[in-house]
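Asks: any chance you can model this:
(one chain, ligands or ions: 1)
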Amino acid sequence: MTPRTDIDVRPITEAETPDWTRALNTGFLRSPAVSDREIADRGSYLIPARTLGAFDAGRCVATFRSFPQELTAVGGTPVPANAISNVTVTATHRRRGLLTRMMAADLAAAKERGDVVATLIAAEYPIYGRYGFGPATSTAEWTVDVARTGLDRRWSGPSDGGRIDLVDGEDVRKIGPELHERFRLAQPGAVGRDERWWQVNTGALTLDRSPWTEPFYAVYRSAAGEVEGLVSYEADDNWGDAKQPLNTADVNWLIAVTPEAERALWQYLCSIDWITRVKTGWRAPDDLLPHFLPDPRAARITTQADWLWVRILDVVRALEARTYGGSGGRLVLEVTDRAGLSAGRYRLEAGPDGASCAPTTQDAHLTLDIGELGALWLGDESAVRLVALGRVREERAGAALVADALLRTSRRPWCPDIF
Ligand SMILES: CC(=O)SCCNC(=O)CCNC(=O)[C@H](O)C(C)(C)COP(=O)(O)OP(=O)(O)OC[C@H]1O[C@@H](n2cnc3c(N)ncnc32)[C@H](O)[C@@H]1OP(=O)(O)O
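Replies: Numbers count the residues shown, from 1 in each chain. Prediction:
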């Protein structure tokens, strides 16, 4: 269909927040009803200049917003990211280029501002590749059959001198942010959590659109008294015909900065009387959990999917921000980018003491699109695989193997958050 040029795409005004929110709810197939409380809440965090709407005869028919974020690169350096969320086009106006117009405006502004990457969690796989995004992390959810784990059901606490205590939401707001800062700076692919995240996820701020039920929180402290892990979980109320408890513990989130804390928290969840199943929530695809269990097959993957998508806006800074494998090496990349934001030929020199990257006229070793570079950047994808798929071209024999030795990581990147 021909793009409609009479539809205005622009940042919204404060007065347009209710109309924009109705369009957002409609696009996500939620009831369009908008309360005054919801408007007040949105007003507290929307950034007007980065909240876009499309208006047809004064009515909002598409929504899009971005906000500042930090994304941890391989090696632990956080880079400034343009996080994109709340993307909708009303069904009556789809496939006329409205998303394309909003995306173009937002990415140009992010590039201008100096953001290194743009990030998002894609509702559907086919939407964002065309804009230069690549799937950079993935996620898995396990369901653990507690009876089959082989864990000792008599277990009642860590044997390493650490301890587990139940805490409340107020405690979590005190200890959570610092623990999470330690966690996310050691976890490539993780993003920052702001104060609002902790308020919404501990019930200090409740939202009309997602009813709040207070969960359980358990904290792991090491023998030295250090907070090293935290979990939020809920339990259902399910009894079998023979009057046996068949309850499921549903993990909202679990973060840990040591494997000991991680092990102890999973074992705690599998040791709670009445709990016969533990649903892990969205974990890293190479999570340690199954192997904490004497029988790892007791943990069955029930969801597996791409998660964080990355769009590189500044190739030089993105490649210089991360560390590389082995003793380093050299790679010349010919990067295509149909939006014209990051195209060029770049020479990467990576060594144990850091990396440098600059435009070059030297012969390219690999030719790839900016989306493929986004998929490779956090170390999860393989250049050899992308060559096999015809999505990366080797200009020099063996270059994909060199790229994998440099770019791939021993642990996989992970973004535990949705935004
Ligand atoms: C980060 C987030 O917020 S994820 C949430 C994304 N939102 C949703 O999934 C809500 C429901 N869907 C929608 O609101 C809309 O369909 C959107 C936002 C996904 C797409 O908006 P549109 O204005 O229709 O996209 P637009 O017309 O700019 O499409 C550009 C191209 O992408 C393609 N495209 C867009 N959406 C999809 C899709 N869901 N699946 C496959 N292709 C798609 C179009 O066919 C078009 O291709 P073409 O240029 O070859 O013709």
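Asks: quick one: the helices in the stretch 151-300 of the chain?
Replies: For the stretch 151-300 of the chain, helices defined by DSSP state H, counting those that start in this stretch occupy the ranges 169-185, 195-200, 259-271, 289-292.
Asks: and of the ones you listed, who's closest to the ligand?
Replies: Closest approach to the ligand among these is made by helix 195-200 (17.0 Å; Cβ to the nearest ligand atom). Where you see a C-beta, it was placed from the backbone N, CA and C, and this is true even at glycine.
Asks: residue 105 and residue 38, how far apart?
Replies: Distance, residue 105 to residue 38, by Cβ to Cβ, to the nearest Å: 25 Å.
Asks: scratch that, residue 103
Replies: For residue 103, the distance to residue 38 - Cβ to Cβ - is 25 Å.
Asks: compare the two (neighbour count), which wins?
Replies: Neighbour count, other Cβ atoms under 10 Å: between residue 103 and residue 38, residue 103 has more, with 25 against 17.
Asks: go ahead and confirm the more buried one touches residue 131.
Replies: Yes: Residue 103 lies in contact with residue 131 (Cβ atoms under 8 Å); the separation is 5.1 Å.
Asks: what parts of the stretch 1-150 of the chain come near the ligand?
Replies: Within the stretch 1-150 of the chain, the positions adjacent to the ligand are 27, 84-89, 94-100, 120-124, 126-127, 130 by Cβ under 6 Å from any ligand atom.
Asks: from the residues you listed, which land in strands?
Replies: Those of these mapping onto strands are 84, 85, 86, 87, 88, 89, 120, 121, per DSSP state E.
Asks: so what sits opposite the first one in the bridge?
Replies: In this case it means residue 84. Beta-bridge partners for residue 84, by DSSP bridges, are residue 66.
Asks: so who does residue 41 touch?
Replies: Contact partners of residue 41, counting by Cβ atoms under 8 Å, 6 or more residues apart in numbering, are 205, 207.
Asks: how far away is the residue lying closest to residue 413 once chain neighbours are set aside from residue 378?
Replies: Distances taken as Cβ to Cβ, 6 or more residues apart in numbering put residue 189 closest to residue 413, at 3.1 Å, once the chain neighbours are dropped. When distance is defined by Cβ to Cβ, residue 189 is 5 Å away from residue 378.
Asks: ditto for residue 340
Replies: 24 Å.
Asks: and if you look at residue 281?
Replies: 21 Å.
Asks: compare the two (neighbour count), which wins?
Replies: Set residue 281 next to residue 378 and count neighbours by other Cβ under 10 Å: residue 378 wins out with 27 against 18.
Asks: and for the residue nearest to that one when sequence neighbours are not counted, the neighbour number?
Replies: Using Cβ to Cβ, 6+ apart and skipping the chain neighbours, the partner closest in space to residue 378 is residue 413 (3.9 Å). Burial of residue 413 is recorded as 27 neighbouring residues (other Cβ under 10 Å).
Asks: so is residue 413 in a helix, a strand, or just coil?
Replies: coil (DSSP: H, G, I helix; E, B strand; the rest coil).
Asks: so what's it up against?
Replies: 74, 136, 137, 187, 188, 189, 284, 308, 378, 379, 380.
Asks: got phi/psi on the second one?
Replies: Spelled out, that is residue 136. phi -110, psi -20 (degrees, to the nearest 10).
Asks: repeat for the third one
Replies: Backbone torsions of residue 137, given as degrees, to the nearest 10, read phi -140, psi 160.
Asks: for the fifth one, same thing?
Replies: Its backbone dihedrals place residue 188 at phi -50, psi 130, with angles given as degrees, to the nearest 10.
Asks: just want the residue of the stretch 251-400 of the chain that's nearest the ligand.
Replies: For the stretch 251-400 of the chain, Cβ to the nearest ligand atom, closest residue to the ligand: residue 309, 8.3 Å.
Asks: how about that residue, nearest residue that isn't a chain neighbour?
Replies: Using Cβ to Cβ, 6+ apart, the nearest residue to residue 309 is residue 133, at 4.1 Å.
Asks: enumerate every residue touching that neighbour.
Replies: 118, 120, 122, 309, 310, 311, 371, 374.
Asks: as a markdown table, those with pLDDT would be great.
Replies: Below are the contacts of residue 133 laid out as a markdown table (pLDDT from 0 to 100):
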| residue | pLDDT |
| --- | --- |
| 118 | 99 |
| 120 | 99 |
| 122 | 98 |
| 309 | 99 |
| 310 | 99 |
| 311 | 99 |
| 371 | 98 |
| 374 | 98 |
